[in-house]
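Undergrad: Fold the stuff below for me.
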Amino acid sequence: MAGRRSSGVLAMLAEAQRRQHLREEAQRRAAAEQQRQQERARRDAQRAAARGEREALRAYQQQREADAARRTAELDARVAALGGVLSAGLAGPAFRLSDLRADVPPFDPGPLGGPVPMPLQQDYLVAPPTGPDAFDPAARRHRDEQAAHARARFEHDWYAAQAAEQHRQRELAAYRAQYEAWAAETRGLAARQAERVAGLGAEVRAGSAEAAVELFEAALHWRDDWPEGVPVRGEVVWDADARHLTVGWRLPPYTTVPAAARHRYVKADDRETEVARPAAARKALYRTLLAQCTLRVLAEVFRADEYGLLHAVTVDGHVSAVDPATGREEHRCLASVTATREEFQAVALDRVDAVDCLVDGLRGRLSARPEKAEAVLPGTGPAPVPAPVPAPAAGVVEASDGPGPDLYAMDPIAFEELIAELFRRRGLRTRTTARSGDEGVDVLAEDPDPITGGQIVIQAKRYRHTVPPAAVRDLDATMQRQGANRGILVTTSGFGPGSRRWVEGRPLTLVDGPMLVALLREHGLAGRLGDGGTRRANGRGGSPRPAVLAPGQNAQLPEAALGRLTVRFSSTGADADLTVLLLTSDGVVRGDEDFVFYHQRTAAAGAVTLDAKDRTGERCTETAVLRLHDLPPDVHRVAVSVNMDSDTALTCAALADAELLLHAADGTGWSFRPPSDPAVSAMLVAEVYRHRPGGGPAVWKVRAVGQGWADGLAGLARAHGVAVA
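TA: The predicted structure is shown next:
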């Protein structure tokens, strides 16, 4: 019996231990499972967080890439607009005077045009209770309370809508009154403008030069589809006799062409960078842009000529650039073209390459390095209108406005009045002083500009000899005594190096004889220095004296000059070198062998030779011989230039009593005194060129120029296609 009881107790104890072990094992497994679940949840949370971070990073990077792509697309659109300047201009309508009108659009009330919507009572109704609640007093009371609140809201909203409608009607009435006042003013302006347009058309048909200028200026400035950053500014000069329009047009700077080709997002550094546009591509795009702007201006004026005024148009495109020699800002011509109506109509501008059309098709000039603001020669003046008149005799100097009075022989008072009128036409208010007691002032002028303007004293001297430096110093003292902003000394002769040095850094301007004649011609005034026409024999059996050329004047060479034409440049003071360039119809040399200077004294198999310098006392003379008959047929111009010694850093102002003489074998000669320009160190003094008048046989002519370059011989050479290291 005891053994059986003992066995039962042990079994119970064993079962209890087993169950306790199972419970502990289950608890352990549950704890382990819970721990696994927590770890799994933590890992899932970490994976989800990482996935969210990656998605957020991916979204951020995609946004940055999209921003870079958008900026690249903007760059591409800007480049496309710059490359489509000409096509956009041709696609637009031609200018007509009738386009100058002020239209009055109909009244548009905008948001005030619609009434304020009024609330509808049915939108505020409360449905009665249904079902068992229909007979419940509490439900009926709740429904009545809701209906009362709805009626209150309806009344509030209705009165608010009424007030808003009354406010709208008051604002609409005030807006309509403003519109009617503006419309009445605009209609009056339109009526006056229509009257002015009709009058302008009549004036243009009647031959008014002022009306023609107004017409073509309006044609150039009325379009608003030029790309952003491209200036739309220009001035026109109308030569009614030659039916020639000259346009001075502002070209865009080099910075207008984007320096970046595209934008790129770099993930590794989390930054956006610009990928630079290749320098060659940017320069080519800028050169194309300048050509397109020039051709578009040419097209705009020809297309606007509904009255058939134009025979020829010259477009000179310029930019503002800083002269490295003086630090002063100046205008530099980068593109120039002259075309007659027939030449323009023979070109299909919608299918041309702009650069090739400008340079080859229309024989214009385009800077080889416009990004460096390397200038080209601007247009040389009106193209002659074909007319059945005989050609001038050989050696006769041509001038569109006649030689005018001899400035040397003018009455002093008349000379002062002429100078006053010259500066009056340049935009100043002028008056001459009394003949005595003028305290060294011949003309008092006032620049009306409110910022840069002020009083100017002008002294006029009819001298035949060089103005002494004492006269320049006296003007400086007079200017300070008068409290003037600037002093100007005008003479019929010239100035020496001492005078030029004195005015450096001072508000003084010197105008010598050739510059004075050029200014008079530019502003429609006549005047010459002595015998400006052809000078015949002196009456004592001597040889003919040379004809004096003013800047821009030309003369036909006689047959005797074609076999041998002697070109002699002489001056005192600083040393200068004579150079000769053989140019094609494009205004450039065929190669370096066409550049004749002190290191290369012959060209074209001896057709051009340069002799050694001859120094007699203080005067230095250098001579070149041109055999025009022997020049190759593709040489159309011979440019005669002078340049200062690059080692001296002097300018052409250091040249005293400078003169260029050209002599033919029969003794016929021409003389030109170039201006003593302190801003240049190399100057194109004159050019000998082929000319075919009225489609007849070609003749040779000579033209006085007097324009130069601040960077000396290098600038002169580059402007004419000579490679300079």
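Undergrad: on contacts alone, who are the packing partners of the strand or helix carrying residue 704?
TA: Following DSSP states H and E, one finds residue 704 within strand 699-709. With contacts taken as 3 or more Cβ pairs under 8 Å, 6 or more residues apart in numbering; DSSP states H and E, strand 699-709 sits against strand 554-556, strand 669-672, strand 682-691, helix 712-719. Placement of C-beta: from N, CA and C, glycine included.
Undergrad: quick one, which of the ones you listed is nearest to residue 56?
TA: Nearest to residue 56, of all the helices and strands packed on strand 699-709, is helix 712-719, at 57.6 Å by Cβ to Cβ.
Undergrad: would you turn the helices and strands packed on strand 699-709 into CSV with mean neighbour count?
TA: Shown next, in CSV, are the helices and strands packed on strand 699-709 (neighbours: other Cβ atoms under 10 Å):
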stretch, mean neighbour count
strand 554-556, 22
strand 669-672, 22
strand 682-691, 22
helix 712-719, 22
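Undergrad: for the strand holding residue 704, the distance to its chain's centre please.
TA: Centroid separation for strand 699-709 versus its chain: 26 Å, with Cα atoms, centre = their mean, to the nearest Å.
Undergrad: Test my guess that residue 248 contacts residue 316.
TA: Yes: using Cβ atoms under 8 Å, residue 248 is in contact with residue 316, at 5.3 Å.
Undergrad: who has more neighbours, those two?
TA: Neighbour count, other Cβ atoms under 10 Å: between residue 248 and residue 316, residue 316 has more, with 24 against 18.
Undergrad: I'd like to know how far the nearest residue to the more buried one once chain neighbours are set aside sits from residue 426.
TA: In this structure, residue 316 finds its nearest non-sequential neighbour in residue 378, 4.3 Å apart by Cβ to Cβ, 6 or more residues apart in numbering. Distance, residue 378 to residue 426, using Cβ to Cβ, to the nearest Å: 19 Å.
Undergrad: Can I get stretch 14-32 as PDB, trimmed to CA atoms?
TA: Output of stretch 14-32 as PDB, limited to C-alpha atoms (Å, rounded to 0.1, in the frame of the first residue of the first chain):
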ATOM      1  CA  ALA A  14       6.800  14.700 -11.900                       C
ATOM      2  CA  GLU A  15       3.700  15.900 -13.800                       C
ATOM      3  CA  ALA A  16       3.800  19.200 -11.900                       C
ATOM      4  CA  GLN A  17       7.400  19.700 -12.800                       C
ATOM      5  CA  ARG A  18       6.700  18.800 -16.400                       C
ATOM      6  CA  ARG A  19       3.800  21.300 -16.500                       C
ATOM      7  CA  GLN A  20       5.900  23.900 -14.800                       C
ATOM      8  CA  HIS A  21       8.700  23.300 -17.400                       C
ATOM      9  CA  LEU A  22       6.200  23.500 -20.200                       C
ATOM     10  CA  ARG A  23       4.900  26.800 -18.800                       C
ATOM     11  CA  GLU A  24       8.400  28.200 -18.500                       C
ATOM     12  CA  GLU A  25       9.200  26.900 -22.000                       C
ATOM     13  CA  ALA A  26       6.000  28.500 -23.400                       C
ATOM     14  CA  GLN A  27       6.900  31.700 -21.600                       C
ATOM     15  CA  ARG A  28      10.400  31.600 -22.900                       C
ATOM     16  CA  ARG A  29       9.100  30.900 -26.400                       C
ATOM     17  CA  ALA A  30       6.600  33.700 -26.100                       C
ATOM     18  CA  ALA A  31       9.300  36.100 -24.900                       C
ATOM     19  CA  ALA A  32      11.500  35.000 -27.700                       C
END
